[in-house]
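Visitor: Pasting the sequence and the predicted coordinates here, then a few questions.
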Amino acid sequence: MEALATGHLFALTGAVLVGLGLFGFITLRHALRQLLAVNVSGAGVFLMLGGLGRGAATTDPFPQALVITGIVVAVALTAFGAALILRQAEEDHAAKEDDERGGKT
Amino acid sequence: MSLVFDLVLCLMILGTAAASLLMRSALGGIVFFIAFGNLLGIAWLSLGAVNVALAEIAIGAGVTGILLILAHARLSAMGDPVECEPTSPWMRAAVAVICGGLIVLLSVAVLSISPTDRMGAQIATLMPALGIENPVTGVLLAFRAYDTLLETFVLLGALVAVWAIAPPGGWPQRPASLAIATPVSLTVIGTFSRVLLPASLVMAAYLVWTGSDLPGGAFQGGTVLAGGILVAALGGAIALPRADDMRLRSVLVLGPAMFLGIGLGGIALGRFLSYPVGLEKALIVAIEYALALSIGATLALLVAGKPVPPAAVQEGGD
């Protein structure tokens, strides 16, 4: 019985994390922080998978393997997202410097 | 572990997650996110999923954390304070209601499913044929090898995508140097990393080897290797390679290519990604070692970011 309760407890925590992450994603107005919010939501999905795979004594290895795959894909997405944000910021920064230089001459 | 412990742990997870999102300071939020990732790792331990706990702490908290901190530092260096424009209270309230509704729906769905590990018994009956004992490694490299193969290509694809957005003049140079600008810190971290890098190599090799029977594996080992490489780059002990370095490129594709090659070899035996009888463990371990090396190099370069023009390498240190 306690094992079932533990599984549900973590799965419910995961459900709340998904909602929290979505709230952050919509209300935070900076791309880097939105990227962090996506990671919070993702962690919630993983916890739902893991919690619902909790049996009497062990956690199902099948969702465990899926979650490891998910964690690696999430970091790949985060790395590309961060690179895109930085590239965009560089463009904006260069455009601003050009404007300033143009304004002085 | 006891239910009370799990309850307190879940509350701390939710608290750190909320702090990472709601804090005004972006850097503070990232630090809370790293704490959140480590608490999640403890949650996975509590679920008895040590393989996932290792991956979550190393990749979810470690690599993602350093990625976000580095992005924050580079944005700050360009004069972006990483501040959020305030949203109206009405909008926040509306979004809170919608997200609250989503949480309720998800919770109802979660409670309608009874937690079970029934796949575990099926997997346990299939494991002796593989000659390894860690069921998670069995799922990753045999029963669902197709997923893992694609995943390794996703990781490689992400690096290609990051390289593809190199600024004009950046291709195929090195990424911006990660070396710390303060000379004293550079010496300290440089000295430390000369000890840490070989230790992380040994640790990575051990994690991959032990991953056959006990918790561990290619992803956990590869991440430890990436950690060692990154600290060495921070301490200036190693320089990051140019993107057109053929040795680097060979290391990057070694793991996925070997996995794909052995998988294609399986077609001769009747099915893609099936291993010849008697050689299962040898091939799985060989794939895992090659993968760990590739994953380590790929993750380290994903953190370092896109190649930049040589001039920016000198001034871009942060």
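Guide: Received it, and whenever you're ready, just let me know what you need.
Visitor: can we go C-alpha only for contacts and neighbour counts from here?
Guide: Noted.
Visitor: if I look at the spatially most central residue of chain B, how far off is chain A?
Guide: Geometric centre of chain B, nearest residue: B:Ile59, 3.2 Å, by CA atoms, centre = their mean. Distance of B:Ile59 to chain A, given as CA to the nearest CA, to the nearest Å: 7 Å.
Visitor: need the contact list for that residue.
Guide: B:Ile59 sits next to A:Ile71, A:Val72, A:Val75, B:Thr223 when contact means CA atoms under 8 Å, 6 or more residues apart in numbering or on different chains.
Visitor: Dump those into a markdown table; add distance to B:Ala179 as well.
Guide: Listed next are the contacts of B:Ile59 as a markdown table, based on distance: CA to CA, whole Å:
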| residue | distance to B:Ala179 |
| --- | --- |
| A:Ile71 | 27 |
| A:Val72 | 26 |
| A:Val75 | 23 |
| B:Thr223 | 20 |
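Visitor: out of the residues you listed, which is most surrounded?
Guide: The most neighbours of any of the contacts of B:Ile59, using other CA atoms under 10 Å in any protein chain shown, belong to B:Thr223, which has 27 neighbours.
Visitor: what about that residue, which helix or strand?
Guide: helix B:218-234 (DSSP states H and E).
Visitor: How confident is the prediction for the spatially most central residue of chain A, by pLDDT?
Guide: Chain A has A:Asn39 as the residue nearest its centroid, 0.9 Å off, counting by CA atoms, centre = their mean. Reading off the confidence values, A:Asn39 has pLDDT 98.
Visitor: B:Gln314 now?
Guide: At B:Gln314, pLDDT is 48.
Visitor: With B:Ala145 instead?
Guide: B:Ala145 carries a pLDDT value of 94.
Visitor: Point out the residues in the stretch 151-300 of chain B that sit beside chain A.
Guide: For the stretch 151-300 of chain B, the contact set with chain A under CA under 8 Å from any CA of the partner chain comprises B:Glu151, B:Val154, B:Leu155, B:Ala158, B:Leu159, B:Ala161, B:Val162, B:Ile165, B:Pro167.
Visitor: 10 Å instead, please
Guide: Within the stretch 151-300 of chain B, the positions lying close to chain A (CA under 10 Å from any CA of the partner chain) are B:151-163, B:165-167, B:219-220, B:295, B:298-299.
Visitor: Write the ChimeraX selection for whichever of those residues are buried.
Guide: In ChimeraX, this line selects whichever of these come out buried by 16 or more other CA atoms under 10 Å in any protein chain shown:
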select /B:151,152,153,154,155,156,158,159,160,161,162,163,165,166,219,220,295,298,299
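Visitor: Tell me which entries of the residues of the stretch 151-300 of chain B next to chain A lie within strands.
Guide: In strands, judged by DSSP state E, none of these are found.
Visitor: mind checking how far the helix holding B:Thr223 is from the chain centre?
Guide: Mean-position distance between helix B:218-234 and its chain equals 10 Å (CA atoms, centre = their mean, to the nearest Å).
Visitor: Just the buried positions in that helix, please.
Guide: Result for helix B:218-234 [16+ other CA under 10 Å]: buried residues B:218-234.
Visitor: Next, please give the residue ranges for the helices of the stretch 1-150 of chain B.
Guide: For the stretch 1-150 of chain B, applying DSSP state H, counting those that start in this stretch gives helices covering B:3-22, B:26-46, B:50-55, B:64-77, B:89-111, B:118-126, B:135-138, B:145-164.
Visitor: what residues are up against the residue nearest to the centre of chain A?
Guide: Applying CA atoms under 10 Å, 6 or more residues apart in numbering or on different chains, one finds that A:Asn39 lies in contact with A:17-18, A:21, A:25, A:33, A:45, A:71, A:74-75, A:77-78, B:33, B:37, B:60, B:64.
Visitor: cool, B:Val108 as well?
Guide: A:Leu12, A:Ala15, B:Leu102.
Visitor: Could you check how far it is from B:Ala94?
Guide: As judged by CA to CA, to the nearest Å, B:Val108 and B:Ala94 stand 21 Å apart.
Visitor: One more: B:Ile69?
Guide: Per CA to CA, B:Ile69 is found 31 Å from B:Ala94.
Visitor: okay, those two: which has more neighbours?
Guide: A direct count of neighbours by other CA under 10 Å for B:Ile69 and B:Ala94 places B:Ile69 higher, at 17 against 12.
Visitor: Relative to B:Gly190, how far out is that one?
Guide: Counting by CA to CA - B:Ile69 and B:Gly190 are separated by 20 Å.
Visitor: and if you look at A:Val73?
Guide: 31 Å.
Visitor: So which of the two has more stuff around it?
Guide: B:Gly190 (22 against 18).
Visitor: And for that one, nearest residue in space, chain neighbours not counted?
Guide: Counting by CA to CA, 6 or more residues apart in numbering or on different chains, B:Gly235 is the residue found nearest to B:Gly190 once chain neighbours are left out, at 3.8 Å.
Visitor: how many other residues sit next to the one you found?
Guide: 25.
Visitor: same deal with the one 4 residues further on?
Guide: Other residues within reach of B:Ala239, judged by other CA under 10 Å, total 16.
Visitor: Regarding chain A, what is its longest helix?
Guide: In chain A, taking DSSP state H as the definition, the longest helix is helix A:61-104.
Visitor: Name the residues of the strand or helix carrying B:Ser250 that are buried.
Guide: Assessed by DSSP H and E, B:Ser250 sits inside helix B:246-268. Going by neighbour count (16+ other CA under 10 Å), the buried part of helix B:246-268 is B:248-249, B:251-260, B:262-263, B:265-266.
Visitor: got it, and stretch B:15-31?
Guide: For stretch B:15-31, by 16+ other CA under 10 Å, it's B:Thr16, B:Ala17, B:Ala18, B:Ala19, B:Ser20, B:Leu21, B:Leu22, B:Ala26, B:Leu27, B:Gly29, B:Ile30, B:Val31.
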